[in-house]
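Asker: Curious how this folds, go ahead:
(2 chains)
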Amino acid sequence: METFEEFLKRVITIVFWILLLIPLIIIPVVLLVLVPLGVPVPTANRIFTAIIDPLVMLQFMDELGLGPSSLFFKIAAFPGFTFAAGVATLTILYERKLLAKMQNRVGPLYAGRFEGILQPIADLFKLISKEILTPEKADKPFFWAVPFLVMAVGGSFLALIPLSPEIYIAKSEIGLLIIFAIIGFFPLVVLIAGWASSNKFSFIGGLRALHQLISYEIPLLLSAIGVVLLSGSLDLMKIVDAQKSMWFIIPQFLGATIFYITMLAELERIPFDLPEADTELVAGWYTEYSGMHFGILQLANYVKLYGLAALFIILFLGGWNGPAFLPPFAWFLIKLFVVISAILLPRGTNTRVRIDQLIRLGWVYLIFLAFANLFIALAVASLGVI
Amino acid sequence: MKRAAHIMVDSLFLVLALLTIGASILALESRELVYGAVSLAVSLLGIAGLFILLEATFVAMLQVIVFVGAISVLIIFVVMLVRREKWVALPAGGEVFGGLLIAILLVAVVGYLAVNSGISSTLPPSYAPPSYTQIGIQILTDYWFALEILGLVLAAAVIGALTMAKIEGNEP
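Answerer: Numbering: from 1, shown residues only, chains lettered A, B, ... in the order given. The predicted model follows:
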């Protein structure tokens, strides 16, 4: 039984050897491929300075078309995937510590010297080292495709979400509509996941998720339409610009509340976690997924959480608008922290609702309230308050 | 540069067309019903991709929301709930003839309409596709009657579904 420190020591040794082998083997191999292709190759001296000096490395990446201003870097690293995965990982740790403190427990404690801050890394290595099991009667092509499909759907969400006037991947005239089109894929993927496992718990979980996601997509869309009415645009940039004087949460408080409740349901979180009710259904539609498959699904879930929280900020909390003593991106991060905390909090205090309560809430109350909210938005817009 | 863009668009069109047609054939011929239903969703997605190639992003997104997000999910849902033994192979006979007749009629009508429409005229290169606001204004002014009829059909469908749900005698 080795402690986490010993384990970390072993991992650091492996990383050290990899870092040593990269300059000795991998870079010469890459050069051997690049030279016949006619790509301008820097001198060996410059490569070694690039390894030491980050500024030279940035120049080097720019020449290869991978610099911070290139589309590849945007998608793969900063406003895109790596940033979202980092936020998702921090959210998992924050959730565990927050809920533990709320319920008078300690939460993760041992990994890392201080309050278990290295727990996500420990979890990652645990999941990587576990075996990926495939059930004998599973539909194998679908079963193996599902984690990547979920990740792809959750990740494609991020391309449309601007984080500040300069930091964005893509902007579109109909950005909000595209985001709702992407949200529409989740029921399909979840249903395939539940069916492909050929396990009754997975299948029941998949069906419940389907009911829930389809019922709550309608109030989600309707509550966002109020914002579209007030700002007169589907472009997320223009929606944020329209909130310079007043955040839309003030005239659209009802809409923001509906959006928040439906967001919890879309994320399958307590009190709406029926698809993965662990006392009844083991883990719902991802019962059969193990090892890194489970890790990818979990990561995709939290990337989706980050995406929906960012969408809530853009629609109702004024995006990156704020007093000028902080840069816009900092305001965005502060609001992100607040909204993610608001999403996590019900998990520590609430119980699960029944399926009939869930369906009744969605189809009767929330849709009615969403229409009422639409009339409020119309009244506000026609009175010319904004 | 322009030539390269043309080749890019053409090859994308070829890939999307092959995907759409292949997935539709699979949707009809697949032995496993669920594969058929999923490949129907894939073929509908391919059509959305063709719309994007034509720079009609708004139509493409509506295609994804309505057909992939709602209709194909419902079809897969039904397919998964129905046991396979209940599907009986129909004896081939008059259906083939009827199907061929309907297909020929459909192709003739659609082809006639397409040939007589403005499809053969090419647009100037500076042509900008209409934005979604223009589409909305057109629907609410010139085509208001079609909108009203669509609303009536939807209302009738909702009332019909409610009535059928009540007849079953379930507690609402």
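
Asker: Which secondary structure element of the chain has the lowest mean pLDDT?
Answerer: You didn't pick a chain, so chain A it is. Here the helix or strand of chain A ranked lowest by mean pLDDT, DSSP states H and E is helix A:44-52, holding a mean of 66.

Asker: my question was about chain B
Answerer: helix B:72-81 (a mean of 76).

Asker: Checking it against chain A, do any of its residues make contact.
Answerer: Yes. Judged by C-beta under 8 Å from any C-beta of the partner chain, helix B:72-81 and chain A are in contact via B:72-73, B:76-77, B:80. C-betas here are computed from N, CA, C, even on glycine.

Asker: Now neighbour count too, for those, in JSON lines please.
Answerer: Putting the residues of helix B:72-81 next to chain A into JSON lines (neighbours: other C-beta atoms under 10 Å in any protein chain shown) gives the following:
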{"residue": "B:Ser72", "neighbour count": "22"}
{"residue": "B:Val73", "neighbour count": "23"}
{"residue": "B:Ile76", "neighbour count": "23"}
{"residue": "B:Phe77", "neighbour count": "20"}
{"residue": "B:Met80", "neighbour count": "18"}
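
Asker: Can you tell me which of those is nearest B:Ala37?
Answerer: Using C-beta to C-beta, B:Ile76 is the member of the residues of helix B:72-81 next to chain A that lies nearest B:Ala37, at 4.3 Å.

Asker: Can you tell me which residue of chain B sits closest to chain A?
Answerer: Nearest to chain A, among the residues of chain B, is B:Gly69, at 2.6 Å (C-beta to the nearest C-beta).

Asker: Look up which helix or strand the residue positioned nearest the centre of chain B falls in, please.
Answerer: What sits nearest the mean C-alpha location of chain B, by C-alpha atoms, centre = their mean, is B:Leu44, with 5.9 Å. If you go by DSSP states H and E, B:Leu44 is part of helix B:33-53.

Asker: what angle sits between the least confident helix or strand of chain B and helix B:33-53?
Answerer: For helix B:72-81 against helix B:33-53, the angle by axes from the mean of the first three to the mean of the last three C-alpha atoms, to 10 degrees is 170 degrees.

Asker: tell me what helix B:72-81 is packed against?
Answerer: Applying 3 or more C-beta pairs under 8 Å, 6 or more residues apart in numbering or on different chains; DSSP states H and E, we find helix B:72-81 packed against helix A:185-196, helix A:200-231, helix B:33-53.

Asker: so where does the spatially most central residue of chain A fall, helix or strand?
Answerer: Among the residues of chain A, the one closest to the centroid is A:Val303, at 1.4 Å (C-alpha atoms, centre = their mean). Using DSSP H and E, A:Val303 sits within helix A:291-316.

Asker: Just the mean pLDDT for that helix, thanks.
Answerer: Helix A:291-316 shows a mean pLDDT of 89.

Asker: ok now the helix or strand following that helix, how far from the chain's centre?
Answerer: Per DSSP H and E, the first helix or strand lying C-terminal to helix A:291-316 is helix A:328-349. Mean C-alpha position of helix A:328-349 versus that of the full chain (C-alpha atoms, centre = their mean, to the nearest Å) differs by 13 Å.

Asker: Pull out the buried positions in helix A:328-349.
Answerer: Within helix A:328-349, the residues that count as buried by 16 or more other C-beta atoms under 10 Å in any protein chain shown are A:328, A:331-333, A:335-336, A:339-340, A:343-344, A:346-347.

Asker: Can you tell me which helices and strands that helix packs against?
Answerer: With contacts taken as 3+ C-beta pairs under 8 Å, 6+ apart, helix A:328-349 sits against helix A:81-102, helix A:253-266, helix A:291-316.

Asker: And the longest one, what does it pack against?
Answerer: Counting contacts by 3+ C-beta pairs under 8 Å, 6+ apart, helix A:291-316 packs against helix A:81-102, helix A:119-129, helix A:140-156, helix A:200-231, helix A:236-241, helix A:253-266, helix A:328-349.

Asker: same deal with the shortest one?
Answerer: Taking 3+ C-beta pairs under 8 Å, 6+ apart as the contact definition, the neighbouring helices and strands of helix A:253-266 are helix A:200-231, helix A:291-316, helix A:328-349, helix A:367-383.

Asker: Kindly recompute the last result at 6 Å.
Answerer: The helices and strands touching helix A:253-266, judged by 3 or more C-beta pairs under 6 Å, 6 or more residues apart in numbering or on different chains; DSSP states H and E, are helix A:200-231, helix A:367-383.

Asker: what mean pLDDT would you report for that helix?
Answerer: The average pLDDT for helix A:253-266 rounds to 90.

Asker: buried set for it?
Answerer: By 16+ other C-beta under 10 Å, the buried positions in helix A:253-266 come out as A:254-266.

Asker: Near chain A, which residues of chain B? Just list them.
Answerer: The interface of chain B toward chain A, taken as C-beta under 6 Å from any C-beta of the partner chain, is made up of B:58, B:61, B:64-65, B:69, B:73, B:76, B:80, B:132.

Asker: Kindly state the domain boundaries assigned to chain A.
Answerer: Taking automatic domain parsing as the criterion, chain A consists of the domains A:4-67, A:135-383.

Asker: Please identify the most buried of the ones you listed.
Answerer: Sort the domains of chain A by mean neighbour count, taking mean count of other C-beta atoms under 10 Å in any protein chain shown, and domain A:135-383 sits at the top with a mean of 19.

Asker: Now the closest residue to chain B within chain A, what are its backbone angles?
Answerer: Minimum separation of chain A from chain B (C-beta to the nearest C-beta) falls at A:Gly184, amounting to 2.6 Å. Note on A:Gly184: backbone dihedrals following degrees, to the nearest 10 are phi -60, psi -10.

Asker: hmm, back to that, the residue nearest to the centre of chain A and A:Gly86 touch, don't they?
Answerer: No. Counting by C-beta atoms under 6 Å, A:Val303 stays clear of A:Gly86, with 10.2 Å between them.

Asker: need the contact list for A:Phe259.
Answerer: Applying C-beta atoms under 6 Å, 6 or more residues apart in numbering or on different chains to A:Phe259 gives the contacts A:Ser223.
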